[in-house]
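*Asks:* got a structure for you, letters missing:
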């Protein structure tokens, strides 16, 4: 769907607002900021309902049920062109106190704060013709069944998942517990340039963290999870529990390996974390500050020819036939509009290794004399940052088993630890654990090792890409085999 | 002094009673409602936070933001079970409703009565007046501008400078069914400088550096030793240094950690593993090791929430208990855990005043405050001279631990090679990895130069972030795995 003029949207677009009074508050905040002299203003209101239960060893340990509301405001003051500079001063405020007094307070402080900021020629809301929102209903972001599951059933889901993990093997006698959470969020955004849109979204998830213990008393924990927009799309609690148990069990008896260079196979969860750095390097903020390994590389080869990476804020996944027809659900990174009020879109960031597009919000796009790619992320407070929608790497042809079978001696990474990634230099060094591959077979578990290299080389040294692309979260990357990394151990 | 602190304690509470219209009668009603289904304990946690963030980028003050968060979290304990609900609307109806939701964790008739609220005032570890939240914005802007200038003038190769000043004023009031009635006003401020440096050569390296600090301090803190120029020069110096860094070594070797922030080692290697919740559930690699040797003789590690002005310090924890100094490891022997009300009761151990929470929307759990190793006897220069080939790491980014198998990492951001007892080339960032119950047994020398970090730490656990401090003297570890690329 292409972008539309903002005015058309409020009538044709988004699903009916379940909380019209909150949209009115947002509108009031914008109007009052304008009345205090702001040349532009924008307000976001979020109302969320949260349910969370933690079950451990069959008993409920924690149960949380609550709702919250909050409003965020941005104000802009265009600088008088006669005083020789161009641009706007801008400030933002947010509050959970939506009383008339609470609102007055943040509107006034936004106006005061803006006075102390410096005029920035690139600051300001997008142009009127850029605004737009997809039809929220067609993105399938909200499912009634998430809020409808009764509390007793929610507790039972967590209990079943943990019980399945505990029943998997006699070496599992303890657990960090199982969690079930359900959230619904309603979000509305209004600005002084005619944009007004709102949407609801739902989310639910199960996770289980069993602890396996060997005869010597050494413990290992691992976890597994399933999350979905609709309760009926969750994996069965038993399946989640069983996988979690297998993951913990296969770590028992882990040892260290000697320091060496060897092929490293990244399981999908780890591959996703590794390749999210490719989007981080394409982040417009880092590019305009010349602080990314991709600075000045647009249109150039930054990765191997086998690498095509896409970020899609409009992704809707088809889950096949359901009792009432085809079941489609929006991805976890899907939304009708971005944090600046632009319609989200699909962007090919890297195509066959060539950097084709950047992750841009309105501000970074202006700094680079480019067009926004609608990747603005907006919380309540502060100016919009840059965040992806749903990102994924184009899958390859080989199965993960074939990738492992092709490694004479190397590491299959199942967990990484730490924050040792530097997107300015590309230096990459993280703690790791996983399974050692010997003659193409998974031989024994390993831990307390590190893997290190440089992202610039890693992106070019991906020797194999699996066919196992699966969206378990907002991002999805299949199994990868990377050459040239150093594994440090004993 | 005693009268002063009494006056201060009363003042903390007054905000909630006068500005937010709460009454002790209403609190007692809510606690009664919370216990109505048979819970053994209930508490109310009122919180009001005002936070301000200013940031300069490319020489322009681009960001000015302010946030207000007000709410109440209501918790009910029943055996090992916790029922929890929160509300951002402090009207009697919404508070009573939240109390009823939390109450449902128990199911039965009421068994416990609400004790009369009893206030125990404590002396304040941080300023009440002159905190940055009350300071003029112009004064904060001046600090930011000074840092910006100092970083830019440090070296022509500094190409980008970002300076931010963040502060908050957090007011809390806790009322519990056991009679606990405590309140506090907690200031927190941090100045941060982040720079990018680029080699003059056309295809030269680009590197980054950052530095920052602060604490529960008044604005004057930043006009003394911890002035903006200090942080700016540190950030710029680190970035310039990295332009010539060589690849970090890979493999096991002796590591010397410098004083101060490298104490993040203790936070990851032992601190988290000693939090009582993990030990109650026997999910920590340290479970059952009390009284056993977990570090070399001479290694003593404490968690101390009572150091004036420190980022991790608190007058009272988020359950209303006074914080304290807790010995975790004494001369190498594991002595104790960090506990909150729930774990102290279930494990029958002392409450160390370590119950902390990110906000009124989160359930408290045992957390660290300021965690550090005490001084030893060794001269830091002598420690470096003792190493034939190894790594000298003086500054770190973050760390992480798997408390069940004890494996932890922390990432060096400023480190050097040691060759024949001499500190030589700076190396690129590298992650260090070790095993918690074992790592401190490799400590062979402990310096006499204990320092605490400059006030930058934030600890994450189960999705909740809280400010903390760390510290240590210069320490030599005979074995640690360094995750570089040079092999």
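*Replies:* That came through fine. Not measured: the values here are computed from a predicted model.
*Asks:* going by C-alpha atoms from here, please, whenever you check contacts or count neighbours.
*Replies:* Noted.
*Asks:* tell me the contacts of residue A:306?
*Replies:* Applying Cα atoms under 8 Å, 6 or more residues apart in numbering or on different chains, we find residue A:306 in contact with A:352-353, A:462.
*Asks:* now it: how far from residue A:224?
*Replies:* Look at residue A:306 and residue A:224: by Cα to Cα, to the nearest Å, they are 30 Å apart.
*Asks:* show me where the stretch 351-490 of chain A has helices.
*Replies:* Along the stretch 351-490 of chain A, counting by DSSP state H, counting those that start in this stretch, helices occupy A:362-367, A:400-405, A:455-458.
*Asks:* for the shortest one, packing partners?
*Replies:* Contact analysis of helix A:455-458 by 3 or more Cα pairs under 8 Å, 6 or more residues apart in numbering or on different chains; DSSP states H and E lists strand A:480-488 as its packing neighbours.
*Asks:* show me what contacts the nearest residue to residue A:416 once chain neighbours are set aside?
*Replies:* Closest residue to residue A:416 apart from its sequence neighbours, by Cα to Cα, 6 or more residues apart in numbering or on different chains: residue A:432 at 4.4 Å. Residues in contact with residue A:432 (Cα under 8 Å, 6+ apart) are A:413-417, A:447-451.
*Asks:* can you read off the pLDDT for residue A:432?
*Replies:* On pLDDT, residue A:432 comes in at 97.
*Asks:* next, residue B:31: secondary structure please.
*Replies:* Residue B:31 carries the three-state label helix when classified by DSSP: H, G, I helix; E, B strand; the rest coil.
*Asks:* so it makes contact with residue B:177?
*Replies:* Yes - using Cα atoms under 8 Å, residue B:31 is in contact with residue B:177, at 6.0 Å.
*Asks:* sorry, back to before: please identify the most buried of the helices of the stretch 351-490 of chain A.
*Replies:* Mean neighbour count (mean count of other Cα atoms under 10 Å in any protein chain shown) peaks for helix A:362-367 among the helices of the stretch 351-490 of chain A, with a mean of 23.
*Asks:* so when I look at residue A:290, I'm seeing a helix, right?
*Replies:* No - the assignment for residue A:290 (three-state DSSP) gives coil, which keeps it out of a helix.
*Asks:* what is the burial count for it?
*Replies:* For residue A:290, the tally of surrounding residues (other Cα atoms under 10 Å in any protein chain shown) stands at 19.
*Asks:* just the one 5 residues further on next, same as before
*Replies:* Number of residues near residue A:295 (other Cα under 10 Å) recorded here: 17.
*Asks:* so it: helix, strand or coil?
*Replies:* Quick answer, by three-state DSSP: residue A:295 is coil.
*Asks:* how about the residue nearest to residue A:230 when sequence neighbours are not counted, what does it touch?
*Replies:* Using Cα to Cα, 6+ apart and skipping residues adjacent in sequence, the residue nearest residue A:230 is residue A:143, 5.4 Å away. Going by Cα under 8 Å, 6+ apart, residue A:143 touches A:201-202, A:229-231.
*Asks:* could you point out the longest helix in chain B?
*Replies:* Using DSSP state H, we find that the single longest helix of chain B is helix B:137-154.
*Asks:* please list the residues of the stretch 201-350 of chain A that sit near chain B.
*Replies:* Contact residues, the stretch 201-350 of chain A versus chain B (Cα under 8 Å from any Cα of the partner chain): A:211, A:218-221, A:258-260, A:289, A:291.
*Asks:* so residue A:388 makes contact with residue A:359?
*Replies:* Yes - shown here, residue A:388 and residue A:359 form a contact pair, counting by Cα under 8 Å, at 7.4 Å.
*Asks:* shared neighbours, these two?
*Replies:* Both residue A:388 and residue A:359 are contacted by A:279, A:375, under the criterion Cα under 8 Å, 6+ apart.
*Asks:* for those two, indicate the residue with more neighbours.
*Replies:* More neighbours surround residue A:359 than the other of residue A:388 and residue A:359, with 27 against 24 (other Cα under 10 Å).
*Asks:* got the contacts of residue A:432 as JSON lines, with pLDDT and neighbour count columns?
*Replies:* As requested, the contacts of residue A:432 are exported to JSON lines (pLDDT from 0 to 100; neighbours: other Cα atoms under 10 Å in any protein chain shown):
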{"residue": "A:413", "pLDDT": "98", "neighbour count": "23"}
{"residue": "A:414", "pLDDT": "97", "neighbour count": "21"}
{"residue": "A:415", "pLDDT": "96", "neighbour count": "16"}
{"residue": "A:416", "pLDDT": "96", "neighbour count": "21"}
{"residue": "A:417", "pLDDT": "95", "neighbour count": "21"}
{"residue": "A:447", "pLDDT": "97", "neighbour count": "25"}
{"residue": "A:448", "pLDDT": "97", "neighbour count": "25"}
{"residue": "A:449", "pLDDT": "97", "neighbour count": "31"}
{"residue": "A:450", "pLDDT": "97", "neighbour count": "30"}
{"residue": "A:451", "pLDDT": "97", "neighbour count": "29"}
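*Asks:* looking at these, which is nearest chain B?
*Replies:* Nearest to chain B among the contacts of residue A:432 is residue A:450, at 5.1 Å by Cα to the nearest Cα.
*Asks:* OK, contacts around that closest one?
*Replies:* By Cα under 8 Å, 6+ apart, the contact list for residue A:450 reads A:429-432, A:486-489, B:431-433, B:482-483.
*Asks:* any idea of the pLDDT on residue 16?
*Replies:* Defaulting to chain A. 46.
*Asks:* right idea, wrong chain: chain B
*Replies:* In this prediction, residue B:16 carries a pLDDT score of 94.
*Asks:* can I take it that it is in a helix?
*Replies:* Yes - if the criterion is three-state DSSP, then residue B:16 is within a helix.
*Asks:* how about it, nearest residue that isn't a chain neighbour?
*Replies:* residue B:22 is the one closest to residue B:16 (Cα to Cα, 6+ apart), at 6.0 Å.
*Asks:* where in the stretch 151-300 of chain A is pLDDT low?
*Replies:* Across the stretch 151-300 of chain A, no stretch falls below the confidence threshold (pLDDT under 70).
*Asks:* what are the ranges of the strands in it?
*Replies:* Assigned by DSSP state E, counting those that start in this stretch, the strands in the stretch 151-300 of chain A fall at A:172-191, A:196-213, A:219-221, A:224-228, A:260-266.
*Asks:* same deal with the stretch 201-350 of chain B?
*Replies:* Under DSSP E, counting those that start in this stretch, the stretch 201-350 of chain B gives strands at B:206-215, B:250-257, B:301-304, B:325-330, B:333-334.
*Asks:* for chain A, which of the ones you listed is the nearest?
*Replies:* Evaluated over those, closeness to chain A peaks at strand B:250-257, with 4.8 Å, by Cα to the nearest Cα.
*Asks:* quick one: contacts of that closest one?
*Replies:* Contacts of strand B:250-257 (Cα under 8 Å, 6+ apart): A:258-259, A:486-490, B:383-384, B:387, B:389-394, B:474-487.
*Asks:* and stretch A:459-473, what's buried?
*Replies:* Of all the residues in stretch A:459-473, those buried under the rule 16 or more other Cα atoms under 10 Å in any protein chain shown are A:459-469, A:471-473.
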